[in-house]
Each structure stands twice: as structure tokens, then as C-alpha cells.
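*Asks:* turn this into a model:
(one chain, ligands or ions: 2)
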Amino acid sequence: MAQASVAKFLLSARAVEQFPRPLDFEAAFFGRSNVGKSSLLNTYTGVSKLARVSGTPGCTREINFFLIDNKYYLVDLPGYGYARYSKDEQQRWAELINEYISLRASRILGVVILDIRRGLTDLDVMLLDILKSHDVNYIIVATKIDKLKTNELRAATLLLKSQIKSAGFDGDIIRFSSVTGEGKKELYNNITKKYQHYKEVQKEKTDGVFVDE
Ligand SMILES: Nc1nc2c(ncn2[C@@H]2O[C@H](COP(=O)(O)OP(=O)(O)OP(=O)(O)O)[C@@H](O)[C@H]2O)c(=O)[nH]1
Ligand SMILES: [Mg+2]
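*Replies:* Ligands and ions are numbered 1, 2, ... in the order given. Now for the predicted structure:
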């Protein structure tokens, strides 16, 4: 089975106080505005209208938490870099996203989503730097691959991998399309494996506390 069996929307948060209680693991979808974060969440869960999708950038305007199989969260974040929002608004979101990362770093897997056609941008590098500075593990997903022909896709993949490596990050990428579902199984397996791992790490931490006491 390559998708979550029960996915439900939990809440939308515009402030730290509104975040749900932390679980052992949450996969958080980061990326530029309009890159396809919410679409990816819908494809991943197999529930087509779970997260709101729009052709207009800036669609997701708060941090949305989804509970998957009663085990972990998927977190849909506002996109960064949408110029038509005021500087104040962009600043507020950047602060909220930063707070989110620093508060829950040990539980987050960053799913950094890029548009295969646009490559790695400065804003993506900024985000990867923030994740790295908080020791947050991440995977990189290149989406909208259905928009390229086979030979274009091959070239774009090579270019993206080399851009990521030259910027000092891990060049592995998962190629994905919300239209064809390609990459969904690989992403699902990857996230599920990470969930198991984080669960064990959290358990060891808790057990450790009891042993020490
Ligand atoms: N062809 C194609 N279109 C996609 C894919 N993923 C998303 N889109 C389209 O891209 C647009 C933006 O998708 P969203 O999922 O809303 O993007 P987002 O990153 O959540 O955007 P914000 O919430 O504004 O940050 C929509 O028109 C989607 O239908 C994909 O894999 N292939
Ligand atoms: Mg969105």
C-alpha cells in the first residue's frame, strides 16, 4: 500500500499557541509559493481536496496540520517568496515558520519541495540553511515532472542535483508529479521509514529519562 489509509485535517494555526501537541514525528512541506506543496499533500494522502490548491500563488496562508493514520502529522506551510504580499505579512510568516522549526526541530522531517523546471533558488537555499542550522533532517522533492519531456527531465534532474550539491546539501532527490502520481510510492516509503526511526529515537529519549531518574 503506497498511501496513508486515514488522513484528516486537524487544524490551521496562525500562531505558536495554536499548534497541536507534538507527536513523535511530523513531515513538514516547505517550498516556494505555488510550487505544489498542497497538491503533493493531497496526492500523498489520496484525498483530493484535503488541502486547498490554487493556480494563484499564496493560497495556503497558515500552518495546516493533518493527522495521518493516527500516528504522525503532515504539515502544509505557506509558501515563501510571494512578492505580492506585503513585507509585513511575509515577515510575519517567516517568523512563524522559524518558530515552528525551532520549537519542533527534533520531530520534523523537512520535505523541501522544488519545481523541477525552476531549479534551486536563493530562497530554497535560505530554507535549507535554516533547517541545517536547527539540525532538522530533510529530503528534497522535485515536483511537476509531468511538465517536461523525457530528455528535458533528464537534463533538469542532472542540473538540479548539481546545484544542490554545489550549494553544500545532499543531492538526492525524489522526482514527483501530483498529476501522474509518479514518485508517490517512493515518498510514502521514505516518510514511513523516517516515522519509524523518529519513533524509536523519541522512545530511547523517554526511556533514557526514566533510567536516569
Ligand atoms: N502539472 C502539474 N501541476 C501541478 C503539480 N503540483 C501542483 N500543480 C499545480 O500548481 C498550482 C499550485 O499548486 P499548490 O499545491 O496550490 O501549490 P502550493 O505550493 O501549495 O502553493 P501556496 O499554498 O500558494 O504556497 C496548482 O495550479 C496546481 O494544480 C504537478 O505535479 N504537476
Ligand atoms: Mg499551499
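*Asks:* rounded mean pLDDT for the helix or strand hosting residue 89, please.
*Replies:* According to DSSP states H and E, residue 89 maps onto helix 87-104. Per-residue pLDDT values over helix 87-104 give a mean of 86.
*Asks:* do the same with stretch 186-193
*Replies:* pLDDT averaged over stretch 186-193 gives 96.
*Asks:* just give the nearest non-adjacent residue to the residue nearest the centre of the chain, would you?
*Replies:* Central residue of the chain (Cα atoms, centre = their mean): residue 29, 1.8 Å from the mean position. Counting by Cβ to Cβ, 6 or more residues apart in numbering, the nearest residue to residue 29 once its immediate chain neighbours are dropped is residue 37, at 4.2 Å. Every C-beta, even on glycine, is put in place using the N, C-alpha and C of the backbone.
*Asks:* could you check the pLDDT of that neighbour?
*Replies:* 93.
*Asks:* quick one: residues contacting it.
*Replies:* Residues near residue 37 by Cβ atoms under 8 Å, 6 or more residues apart in numbering: 29-31, 51, 60, 76-77, 79, 113.
*Asks:* mind redoing it with 10 Å?
*Replies:* 28-31, 51, 53, 59-60, 64, 75-79, 111-113, 141, 143, 178 (Cβ atoms under 10 Å, 6 or more residues apart in numbering).
*Asks:* hmm, back to that, following the chain onward from the helix holding residue 89, which element is next?
*Replies:* That would be, after helix 87-104 and using DSSP H and E, strand 108-115.
*Asks:* and the strands in this structure?
*Replies:* Secondary structure of the chain (DSSP state E): strands at 7-13, 26-31, 63-68, 72-76, 108-115, 137-143, 173-175.
*Asks:* do the first one and ligand 1 meet at all?
*Replies:* No - contact between strand 7-13 and ligand 1, assessed by Cβ under 6 Å from any ligand atom, is absent, since the two come no nearer than 12.3 Å.
*Asks:* so which bits of that strand are buried?
*Replies:* 7, 13 (16 or more other Cβ atoms under 10 Å).
*Asks:* now the angle from that strand to helix 87-104?
*Replies:* Counting by axes from the mean of the first three to the mean of the last three Cα atoms, to 10 degrees, strand 7-13 points 120 degrees away from the direction of helix 87-104.
*Asks:* pairing partners for strand 7-13, with directions?
*Replies:* strand 63-68 (antiparallel) (DSSP bridges).
*Asks:* now do the shortest one
*Replies:* Within its sheet, and counting by DSSP bridges, strand 173-175 is paired with strand 137-143 (parallel).
*Asks:* could you export the strand it pairs with as CSV, CA atoms only?
*Replies:* Coordinates of each C-alpha in strand 137-143 appear next as CSV, following Å, rounded to 0.1, in the frame of the first residue of the first chain:
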residue,chain,number,x,y,z
ASN,A,137,16.6,16.2,8.6
TYR,A,138,15.3,16.9,5.2
ILE,A,139,14.5,15.3,1.9
ILE,A,140,14.2,17.1,-1.4
VAL,A,141,11.3,16.5,-3.7
ALA,A,142,11.3,17.9,-7.3
THR,A,143,7.7,18.2,-8.4
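*Asks:* distance of whatever residue of the chain ends up closest to ligand 1 from ligand 2?
*Replies:* Residue nearest to ligand 1 within the chain: residue 79 (2.5 Å; Cβ to the nearest ligand atom). According to Cβ to the ion, to the nearest Å, residue 79 stands 6 Å off from ligand 2.
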